[in-house]
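Undergrad: Dropping a prediction and its sequence here:
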Amino acid sequence: MKILRTWWLLSLLAAGLSLLAFTACGDDDDDASGDATAAPTTAGTTAATATPASQTDPTATLKFAWGTNAGSNYDPHTAPNPFVNVFLYPVYDRLINFTPDGKLEPQLAESWAFKDSGKVLELKLRSGVTFQDGAKLTAEAVKLNFERAKTDAKSTLKADLALVVSVEAVDDLTVRYNLSGPAGSLPALLADRAGMMISPTALKNTDLDLKPVGAGPYKVVSHEPGKVIAYEKFEGYWDKSAQRVARIEISMVLDPATRLRALRSGEIQATSLNADQVKDAQDAKLTITSDPVAGSFILYLNTSRSEFDDVKVRKAIAMAIDRKGIAEALQAGRCEPTAQVFPAGYWANDPNTKGDYYKLNVTEAKKLLAEAGVPNGFTFTTVVINVAFYSAQAEAIQAQLAQIGVKMELQVIEPAQLLAKFAIEKSVDSYFSTTGGFIDPAKAVAQLYLPNSTLNPGGYNNAKIVELAAKGLEGTDQSQRAASYQQLSKITAEEALHIPVCNANSITATNGKVVGLKPNLAGSYDLRYAAISK
């Protein structure tokens, strides 16, 4: 499990991406996104039909550039790159859909419900669905997908499915997931790669990683590894409203500056940007949109190194950082100061722990250091990726901590070394980067705050956090789970286990003709929602 999490973070850094969005604007805490049961729905979604079809061109080609290299693996079960979803969404429908505004809604499953005191999750499948090779969607197909994802030696989904003991095909369209323990996060996981359904006849294809076969709205028609992948409409798709363009081309462009140049020249029509590129994009008359995200810029701490085992020291660090100044000067004002990893408005965020929980207060920070026995400060080491957007923020923190006598020795290094030094070798005291990519708070907690979490190399063990993390999984709907995660988030702020700086925005740039393009809560783009205006 630690290996999977290690790859998850290395991929983020290696991709050189802007912060991958984890959108957090859901206003309703009791909507379908967390309900134990989802009612049947008609084809199409609000997000997919926001712009009337009469105003868009169904014969158009959408050209989008994404800042990660999908490599040569488009298999939902085994692809190691966690940001490959942008390339998978057009081909692979999921059992449950995860909309851009963070709601869970029916997709291949028309409804779902927890039963037997939460020990069973039962789904009712949509009838009449066929895969791109003609195979039919049945409960047996879902079972075969689960068994491969659970047992394949190369599977990267074993952690997501750890609590699922078995899957039963009750009848042709009824699937039952039998659980070994509380799994309130399972519906959200089935809206991610664990719920992507591969054609049962293609599961043993030796070229599945290069030639995906799903039940999604588009099928792959060409592929240049490391460069571009092209899709065209699958004529047998069950929901025609999700096929808003005739063709999709996704370019793989790691360098943000290169993506911006390609957009300005007309080579592509849309991409994601870093905050420090916004002015250049605006000067080029491009259309810029920002979406709040749950991915935070954060100073991760190893509580077993330096002076970080003392909560007073950690709080002093938190008080010495000028979050507002960093957000305005280095994030183009598109980063909300915070003390929590979950952003305001998101259901796991503690609404009583405001963004200014740790107000900038040099005097109080110095007082806390004196109480901790280090009145003259101390020295600690921090690693950061050798990308200016990140290193500039780390340098700002370095200068701010100097005001309280704390010397932060900064190591600006290659991405492949970062996580190894912090989480594996444990040879540095801290690490500045982002969080991102989780579609359920349980995944964030597992990565950050439990004793065996990859990003908790000091093994900090807070019994109350462990208890609340377990309780958060017990609930079978969002309202049941919210209280546990809100309490947990409050404790992480009080204890300053890591030091969140701000919750950022995901920034999307287009040529003005692209509509419906918005990242989802996991920071990925499902291009079935995008269209080209006439």
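TA: Sure thing, it's come through.

Undergrad: buried stuff in stretch 62-75?
TA: Within stretch 62-75, the residues that count as buried by 16 or more other C-beta atoms under 10 Å are 62-70, 73-75. Where you see a C-beta, it was placed from the backbone N, CA and C, and this is true even at glycine.

Undergrad: How about stretch 468-482?
TA: Across stretch 468-482, burial judged by 16+ other C-beta under 10 Å covers 468-469, 471-473, 475-478, 480-482.

Undergrad: ok, which pair from the buried residues of stretch 62-75 is furthest apart?
TA: Across these, the longest distance by C-beta to C-beta is 24.6 Å; it joins Lys63 and Asp75.

Undergrad: Closest one of the buried residues of stretch 468-482 to Pro457?
TA: Using C-beta to C-beta, Ala469 comes nearest to Pro457 of the buried residues of stretch 468-482, at 18.0 Å.

Undergrad: any idea how far the closest one is from Tyr357?
TA: Using C-beta to C-beta, to the nearest Å, one obtains 21 Å as the distance from Ala469 to Tyr357.

Undergrad: And Ala70, by the same measure?
TA: 39 Å.

Undergrad: Next: Val120.
TA: Between Val120 and Tyr357 the computed distance is 40 Å (C-beta to C-beta).

Undergrad: where does this structure have low pLDDT?
TA: The model of the chain has pLDDT under 70 over residues 1-50, 436-437.

Undergrad: the longest helix in this protein is where?
TA: Scanning the chain for the helix with the most residues, using DSSP state H, yields helix 478-495.

Undergrad: Mind listing residues that contact that one?
TA: The contact list for helix 478-495 (C-beta atoms under 8 Å, 6 or more residues apart in numbering) reads 29-31, 33-35, 184, 311, 314, 339-342, 347-353, 357-358, 441, 445, 448-449, 462, 464-465, 468-469, 471-475, 498.

Undergrad: which of those residues are buried?
TA: Among the contacts of helix 478-495, those scoring as buried are 31, 33-35, 184, 314, 339-342, 347-350, 353, 357-358, 441, 445, 448-449, 462, 465, 468-469, 471-473, 475, 498 (criterion: 16+ other C-beta under 10 Å).

Undergrad: phi, psi of the residue lying closest to Glu168 once chain neighbours are set aside?
TA: Among residues not flanking Glu168 along the chain, Arg176 sits closest, at 4.3 Å (C-beta to C-beta, 6 or more residues apart in numbering). Dihedral angles of Arg176 (phi, psi; degrees, to the nearest 10) stand at phi -120, psi 120.

Undergrad: Surely Arg176 and Val167 touch.
TA: Yes - if you go by C-beta atoms under 8 Å, Arg176 and Val167 touch, sitting 6.9 Å apart.

Undergrad: which of those two has more neighbours?
TA: With neighbours defined as other C-beta atoms under 10 Å, Arg176 and Val167 compare such that Val167 has more, 21 against 18.

Undergrad: Touching, the more buried one and Thr174? I think so.
TA: No - assessed by C-beta under 8 Å, Val167 is found out of contact with Thr174, at 11.2 Å.

Undergrad: which residue ranges form the helices in this structure?
TA: Residue ranges of the helices in the chain, as given by DSSP H, are 2-15, 85-88, 139-151, 186-189, 256-265, 278-283, 311-320, 323-330, 362-371, 388-402, 415-419, 441-448, 463-474, 478-495.

Undergrad: Throw the ones you listed into CSV and include distance to Gly516, thanks.
TA: Formatted as CSV, these follow (distance: least, C-beta to C-beta, whole Å):
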stretch, distance to Gly516
helix 2-15, 24
helix 85-88, 15
helix 139-151, 29
helix 186-189, 23
helix 256-265, 17
helix 278-283, 19
helix 311-320, 39
helix 323-330, 28
helix 362-371, 46
helix 388-402, 27
helix 415-419, 32
helix 441-448, 27
helix 463-474, 33
helix 478-495, 26
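
Undergrad: Need the winner for burial among those.
TA: helix 186-189 (a mean of 27; mean count of other C-beta atoms under 10 Å).

Undergrad: in terms of contact count, name the helices or strands touching that one.
TA: Secondary-structure packing of helix 186-189 (3 or more C-beta pairs under 8 Å, 6 or more residues apart in numbering; DSSP states H and E): strand 96-98.

Undergrad: which residues does Glu371 contact?
TA: Going by C-beta under 8 Å, 6+ apart, Glu371 touches Lys312.

Undergrad: Look up how far Val445 lies from it.
TA: Counting by C-beta to C-beta, the gap from Glu371 to Val445 is 30 Å.

Undergrad: which residues sit against stretch 221-237?
TA: Residues outside stretch 221-237 that contact it (C-beta under 8 Å, 6+ apart): 69-72, 74, 87, 90-91, 130, 132, 134, 210, 215-220, 243, 246-252.

Undergrad: now with 7 Å?
TA: For stretch 221-237, the external contacting residues (C-beta atoms under 7 Å, 6 or more residues apart in numbering) are 69-72, 87, 90, 130, 132, 210, 216-220, 243, 246-252.

Undergrad: Now the buried members of these.
TA: For those, buried by 16+ other C-beta under 10 Å: 69-70, 87, 90, 132, 216-220, 243, 246, 248-252.

Undergrad: so the longest strand along the chain versus helix 323-330, what angle?
TA: Longest strand of the chain, by residue count under DSSP state E: strand 287-301. Going by axes from the mean of the first three to the mean of the last three C-alpha atoms, to 10 degrees, strand 287-301 is angled at 130 degrees with respect to helix 323-330.

Undergrad: List the buried residues in strand 287-301.
TA: Across strand 287-301, burial judged by 16+ other C-beta under 10 Å covers 287-288, 290-301.

Undergrad: of all the residues you listed, which comes closest to Ala281?
TA: Ile288 (5.6 Å).

Undergrad: Neighbours of Phe378, how many?
TA: By other C-beta under 10 Å, the residues close to Phe378 number 17.

Undergrad: for Lys119, that is, sorry about that
TA: Residues near Lys119, counting by other C-beta under 10 Å, number 15.

Undergrad: With Asn386 instead?
TA: Asn386: 15 neighbours (other C-beta under 10 Å).

Undergrad: which residues sit in contact with the residue nearest to it when sequence neighbours are not counted?
TA: Among residues not flanking Asn386 along the chain, Val412 sits closest, at 5.0 Å (C-beta to C-beta, 6+ apart). If you count contacts by C-beta under 7 Å, 6+ apart, Val412 has them with 384, 386, 391.

Undergrad: returning to that earlier point: okay, the buried residues of strand 287-301 in CSV with distance to Leu330 next?
TA: Formatted as CSV, the buried residues of strand 287-301 follow (distance: C-beta to C-beta, whole Å):
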residue, distance to Leu330
Thr287, 23
Ile288, 17
Ser290, 15
Asp291, 19
Pro292, 18
Val293, 16
Ala294, 20
Gly295, 16
Ser296, 14
Phe297, 9
Ile298, 15
Leu299, 14
Tyr300, 19
Leu301, 21
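
Undergrad: and the two most separated of those residues?
TA: The largest separation in the buried residues of strand 287-301, counting by C-beta to C-beta, is between Thr287 and Leu301 at 39.0 Å.

Undergrad: wait, what's in contact with Tyr177?
TA: 120-121, 164, 167, 186.

Undergrad: do Asn302 as well
TA: Asn302 is in contact with 308, 422, 426, 429-430, 457-458, counting by C-beta under 7 Å, 6+ apart.

Undergrad: Please flag which of those sit within strands.
TA: Per DSSP E, these map to strands at Ser430.

Undergrad: For ChimeraX, write a command that selects the buried ones of the contacts of Asn302.
TA: The following ChimeraX line selects those of these that are buried, judged by 16+ other C-beta under 10 Å:
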select :308,422,429,430,457,458
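
Undergrad: Could you report the separation of the nearest residue in space to Ala257 that is not next to it in sequence from Ile507?
TA: Spatial nearest neighbour of Ala257, excluding adjacent residues (C-beta to C-beta, 6+ apart): Gln277 at 7.6 Å. Distance, Gln277 to Ile507, using C-beta to C-beta: 8 Å.
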